[in-house]
Structures are given as C-alpha cells and as structure tokens.
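[1] Take a look and give me a structure for this.
(2 chains)
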Amino acid sequence: MTDPATTDLAGKDRGRTTVWGSPEQARRFRARRRADQRLRLFGLGAVALSLALILILIGSLGYSGHTAFTQTHLVLDVTIDPAKVRADEPDTGNYRALIRGALWSLLPKVRNSADRNDLAKLASQGAPYILRDRVVADPSLIGQTIKIAVPVSDPYDQLHKGVIPRTGPEEERRLKDKQIAWFDDLVVQGQIESRLNWGLLFNSDSRFPELAGLAGAISGSFYALLVCFALSFPIGIASAVYLEEFAPRNRWTSLIEVNINNLAAVPSVVFGLLGLAVFIQFFGIPRSTPLVGGMTLALMTLPTIIIATRLALAAVPPSIREAALGLGASGHQVVLHHVLPLAMPGIMTGTIIGMARALGETAPLLLIGMNAFIISTSGGILEPATALPTQIFIWADSPERGFAARTAAGILVLIAFLVAMNLSAVVLRRKFERRW
Amino acid sequence: MTETASSASKITSTMTGKMTGRGVNVFYGDKQALIDVDLEILDREVTALIGPSGCGKSTFLRCLNRMNDSIEICRVVGDIRLDDEDIYAPELDPVLLRARVGMVFQKPNPFPKSIYDNVAYGPRIHGLANTRAEFDQIVETSLEKAGLWGEVKDRLSEPGTGLSGGQQQRLCIARAIAVDPEVILMDEPCSALDPIATARIEELIDELRENYTIVIVTHSMQQAARVSQRTAFFHLGELVEVGDTEQIFTTPREERTQGYITGRFG
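    Presented below is the predicted three-dimensional model:
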C-alpha cells in the first residue's frame, strides 16, 4: 500500500486499490467516449451513403426516363372519306391514305412526291391503326371530319423534347433542316401537342418507340406471379409446417433443411435452366407462357417462403402450443387453430418479399422465352407473354433513342411496383403484429 | 373436518386412487430425470409435489397427461394408470387423455382470442356442445367456477390477453374446467403472480377440490401447506417421501424432507 494513488480518501477508507477519477482513469473514459462516438458516426455514415446511392439511382433513372412520361402528338383534322373506308367493312379501309392526306393538307407547300413521302413519316407508322380503331369503334364517323391526335414518330418526338440536336453538320443529324422546318411549321400552326404518355402504361410492346408501352409486360408479370403464388404459397407453408411442427429432428430432416437454405442461394439463372429442361422440354408446357414462367419463379420463391414461414412458426411462443395440447387439441388442431394464424403476418411478409423478388427476376425468364416480342396484352397463363424485367431488357437492347428513355421509365415503373409490394408487407406486419 | 371425512370415504370406495404411478422412470436422452417413482394420487384431493429445482416434480406432473410426448428425446418407462387404465398403452389416444386430465401452466397462457373463445375452445374441439346456448352455458359455469365470471361477464368478447396476470391464470383454469376433466394438473400456477392474485388462486384450488382431483407443483412450501391434503417430496429424481401434508410438514420421516422443509437446502 505504498502506491501514492491508493492513499486517496475513497481508496484508503474502503481498503481498495481502484481509484476512480485518477488522470489515468479519466483518459480511459475520454477514449471510451470517443470510441462510442466513432461507432455512431460510422453507422450514420453508412446509412447516409446507402441513402445517397438510392437517391442517385432514382435520380439518374428519373433524369433519363422522365421524357418517356410525355409523348409529342400531332393533331390532325381527318375527313373519313366513304370512298376510302366502306361503312360495311370499316376495318379494311385505307386509313394510311387518310392520315397522309390530312398531314399533306397542313403543309400544302410540300409538292414534290419524294418530300411528301418523307413528310408522311412525321406521323407514327401506327397512326393509321389508331384512326382505324376509332372508326371501327364508332362507324357513324364515316363521312365526317374528326380531330385526332396521333403520336409523332420517334425522331420528331426526340427533337421536340430536345434530346437530339437541331444544329451541327446536317449529314450527321437524324433530322435534316428541311424536316425540322416542316415540324416547326406544324408547331407554329398549333398542331403539335405534348401530352401525358398514358400509352406507356396502356399500350403493349411495339417496334416503334412512340407506341411501345408496358401493358403487355405488366399483364404477363401479373399472370406469372399469380401462378408463382398459387404454387409456392401452399407448398411452401405445407413444407414449413411439416418441417417445423411434425418432422422428427434427425439426419434426414437436417439434410433437407441445409438443402432448402442452399436452394435459396442458388443463382436464379440455374432455375431458368431447370425450368427449360424440365417444364418445357420434358413436360412440354408451352414456352414463353406465364404458366411456365410462374412455375420457374415458384421454384425460386419456394425456399424463401419456407424459410420465412419456419421463422414465423418458430416465433410463436411454445406456451400457446402447450395450452392447446393441454386442452386435448390434436396436432392439426394446434397448428391450424393456433400456430398458423399467429404466424400468418410473418408468413405474409415473407411471401410478399419473395413475390417482389420474383417480380424483378430476369434471368430465368430469358431462358424460358418470356422475352418474346408480344404486341398484345397477355391473354392468360397459356398465351405467350413477356414480363416487366424482360421488357426492360428488350428495350435496353433496342437502338432507337425513344427506347432509351422508355427503358429508364420502365425501370421506374418496376421499382414503383416493388416499393408498393414491400410497403404492403410492412403495413401488414404493423397491422397484425401480436404481443404476448 | 367434514372435507377430510368425505374424501376419506372416496378413498375407501376406490382404494387405488385416481391416478397411480408404479416404477416410473423418465429419461431425457441419456440423462435420467425420474428414478423408480411410485405415487398414488387420491381422488378429490389436492396433492402437492415439492422439491428443489430439477428434482423431477414437473417431469412427473407432465407424465400424468403425456405432455412429455412432445419432447422428442423424452422416454417414459413404467406404469401410469388413470382409473386403472394404462395411459401409456399404445391404443390410448393422448388427445382423449388430456381432455380427462387438464393442465394449468406456470405462466398464464391464454390464447390471443376473446375471453369467450378461450373458454369455449376445449368444448368446441371435443364436441361437448352444439348450440350457441349450450356454449354460453359452459362458458358461464366454467368462468363462475374459476371465480372470474363477475369480473368479465360484460366483456367476454375482449381478448383474454388483456386481463391482469391473476385474471389470466383464472381464465386458464376456467378453460381447463370447461372440458370437464377429472384431474387438473397445475405446474407452479402462482409463480408469476403477486401475493393477492396468488391468494385468489389458492382459494379457488380449495373450492375446486370438491369436484376435481388436483395435482399441483409448487416451489412454495407455505403454498403446499395451505392448499394440499397430501404432499410428495422429490429430490434428485427420486420420490423421497409422500404422506398427509400435515405429517410431512410436522413429523417428516426422512431426514432429507426435514432438511428441505426447514430450509437447509433447496
């Protein structure tokens, strides 16, 4: 007890050697507090970084995709000439001539036939079909003059949105001075309008970017997810209930458990190959259909649902099982009346997250042919279809400028669906969360 | 002493008791939890199982309605009978056994359902009632017997988990009674309750013994002395001594019993 520090009052009185408040201790406290603060700062920095990355992602998608949310339209006054469209067969009329005629009448100065053909390309090649659909829906329009807005073709759309240049060497430009002059003339006449691009959501795919939309892909994804849910939800819950509630704990069940966990980590492209080899080639299920797509996605979603369900089942307190067993409930009554209902919020959350993953999955769908070029909405689970991520993949591969913006817009739509699904999972969990 | 007189007449009529364990050995894997236990549970009496932690008293209790079945590594050897019927016989359905031998657990564990549904659940799965009126009747009498009716009759549709701890435990007792069991097993039913709620439950146990055979595991020797007619003292997996509660607490035959009840170990 010769150490001077121990002669301190508190130390002496209690006969102890620890001295609180010594300079050495104070240093330790300061260092400890600094370490605490460092840890907090690291955490905060990590969160800020990931938020920033998400903002950059959404921001860049918004920047390159926002132009796809509007579409430049050409407003035409078209006289439905009964000589070109017969009242008894409105669907076979020469609508192309009507559109061209209306367009030429707006710019009467263009007389040369080569120029006139060139001018006709200002309107989308799909314009005659838009006019046709309008007349077929209402044949009384024949003989009248109607106002119709049709999309302009992609180069003019991009010109109007300022994406492609007006100046610079003419031979390097997509649109020549003459074509730009025609367009500007139409703008001055008030025949060019920029409208909200509902076609992005309600049209199906098209070779022409100004007409291409996501409706076909959305319906295809919807049917594929429907099949995926119908298969993976009941099978997943049944497997999880058996493994968690009934299976004996032995070598076989732990082998199965390890395999399920491994399955959840298998790259999705492998499931695509499996779907191709088994579902399409062996069972002969038609390729490119939401049925085979959904089945392949179900293979991928199953492990996720099984794992989530088992966790949810394990989280139900054993006291509830004992209470039911103690009353004489049999195995299935314990599970169906008590454990499963209590685990349901967790199961639903896991399922929705699994479904969201399936919605964004691309590789397996490419392998089973759900990247087909389909120009109509899906007619059901047995009609060939494309899905949202594969549609984005197709568009990203297309050379036209309009598809670049549409790719970004498509990704934004896909992300919107994913966010909606994940939010609903959070809401479900909050709403049905139980406390014991 | 009329209570004792009436139960004494019951004993003479059955002789062997309501439940009997003969040479009961229980193993958890390689570990033996009970060693050659012979114990008789007499009809319409409260039998208290006491002993230090890990002595096997809860294990024995859970053998009486085969709740140990759900523990995979648990193995029960020996002969346990309910009214002379072997409850471990292969043809016996544990579901029916548990309807006859109800259980109340250490921690109140009402289902996260309404008070009404908690009580009606047992009768529903065993088909004890058919009409709404019959269910209402069972729920009311069960809650009345559990001394809870007055407190909850106006809020039967509220969740059972919203009650206080003591009320929850009485709800669990009502739930067990609703199935009309012959024996009620109680595994430290008051250990999670405050003294006032404990007193309520003890009172209730005393009332229930008129109609039910009760086996209670308790850590509190005062509780065993207050509520039971017979007491069995377990130590290290063995049944050391069993006898009338009064005799166990005043003139124990075994030295170990003496040591435990005077607080020298445990």
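
[2] switch to C-alpha atoms for all contacts and neighbour counts from now on
    Noted.

[3] helices and strands of chain B: which one bottoms out on pLDDT?
    When the helices and strands of chain B are scored by mean pLDDT, DSSP states H and E, helix B:2-14 comes last with a mean of 41.

[4] Now the element after it, going C-ward?
    Heading C-terminal from helix B:2-14, the first helix or strand you meet, by DSSP states H and E, is strand B:19-28.

[5] Show me what that next one is packed against.
    In terms of contacts (3 or more C-alpha pairs under 8 Å, 6 or more residues apart in numbering or on different chains; DSSP states H and E), strand B:19-28 is packed against strand B:31-41, strand B:74-82.

[6] Which strand or helix spans residue B:65?
    According to DSSP H and E, residue B:65 maps onto no helix or strand at all.

[7] Let me know the pLDDT of it.
    Note on residue B:65: pLDDT of 93.

[8] now it: how far from chain A?
    Noted for residue B:65: a distance of 8 Å to chain A, by C-alpha to the nearest C-alpha, to the nearest Å.

[9] Might you report the residue contacts of that residue?
    A:326, B:94, B:97-98, B:101-102 (C-alpha atoms under 8 Å, 6 or more residues apart in numbering or on different chains).

[10] for residue B:36, same thing?
    Residue B:36 neighbours (C-alpha under 8 Å, 6+ apart): B:22-25, B:238.

[11] could I get the helices and strands packed on strand B:19-28 as a markdown table with distance to residue A:255 and mean pLDDT?
    As requested, the helices and strands packed on strand B:19-28 are exported to a markdown table (distance: least, C-alpha to C-alpha, whole Å; pLDDT from 0 to 100):
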| stretch | distance to residue A:255 | mean pLDDT |
| --- | --- | --- |
| strand B:31-41 | 27 | 94 |
| strand B:74-82 | 23 | 93 |
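
[12] mind putting the ones you listed in TSV, distance to residue A:358 included?
    Shown next, in TSV, are the helices and strands packed on strand B:19-28 (distance: least, C-alpha to C-alpha, whole Å):
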stretch	distance to residue A:358
strand B:31-41	48
strand B:74-82	43
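
[13] Quick check: which of these is nearest to residue A:48?
    Smallest distance to residue A:48 across these (C-alpha to C-alpha): 52.4 Å, for strand B:74-82.

[14] Relative to the closest one, what are the paired strands and their orientations?
    strand B:19-28 (antiparallel), strand B:85-86 (antiparallel) (DSSP bridges).

[15] What is the burial count for whichever residue of chain A sits closest to chain B?
    Nearest residue of chain A to chain B: residue A:328, at 4.5 Å (C-alpha to the nearest C-alpha). For residue A:328, the count of nearby residues is 29 (other C-alpha atoms under 10 Å in any protein chain shown).

[16] My guess is it contacts residue B:121. True?
    No. Shown here, residue A:328 and residue B:121 do not form a contact pair, counting by C-alpha atoms under 8 Å, at 10.2 Å.

[17] which residues do these two both contact?
    By C-alpha under 8 Å, 6+ apart, no residue touches both residue A:328 and residue B:121.

[18] returning to that earlier point: of the contacts of residue B:65, which belong to helices?
    Among the contacts of residue B:65, DSSP state H puts A:326, B:94, B:97-98 in helices.

[19] Can you lay out those as a markdown table showing distance to residue A:308 and neighbour count?
    Formatted as a markdown table, the ones in helices among the contacts of residue B:65 follow (distance: C-alpha to C-alpha, whole Å; neighbours: other C-alpha atoms under 10 Å in any protein chain shown):
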| residue | distance to residue A:308 | neighbour count |
| --- | --- | --- |
| A:326 | 28 | 27 |
| B:94 | 31 | 23 |
| B:97 | 35 | 20 |
| B:98 | 32 | 25 |
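
[20] of these, closest to residue B:263?
    residue A:326 (33.2 Å).

[21] Just list the residues touching the closest one, thanks.
    Neighbours of residue A:326 in contact, by C-alpha under 8 Å, 6+ apart: B:65, B:67, B:98-99, B:102-104.

[22] Would you mind measuring from it to residue A:382?
    50 Å (C-alpha to C-alpha, to the nearest Å).

[23] among the helices and strands of chain A, which has the poorest mean pLDDT?
    Min over SSEs of chain A, mean pLDDT, DSSP H and E: helix A:9-14 (a mean of 53).

[24] Pull out the buried positions in stretch B:249-266.
    B:249, B:252, B:256-258, B:260-261 (16 or more other C-alpha atoms under 10 Å in any protein chain shown).

[25] Appreciated, that's everything.
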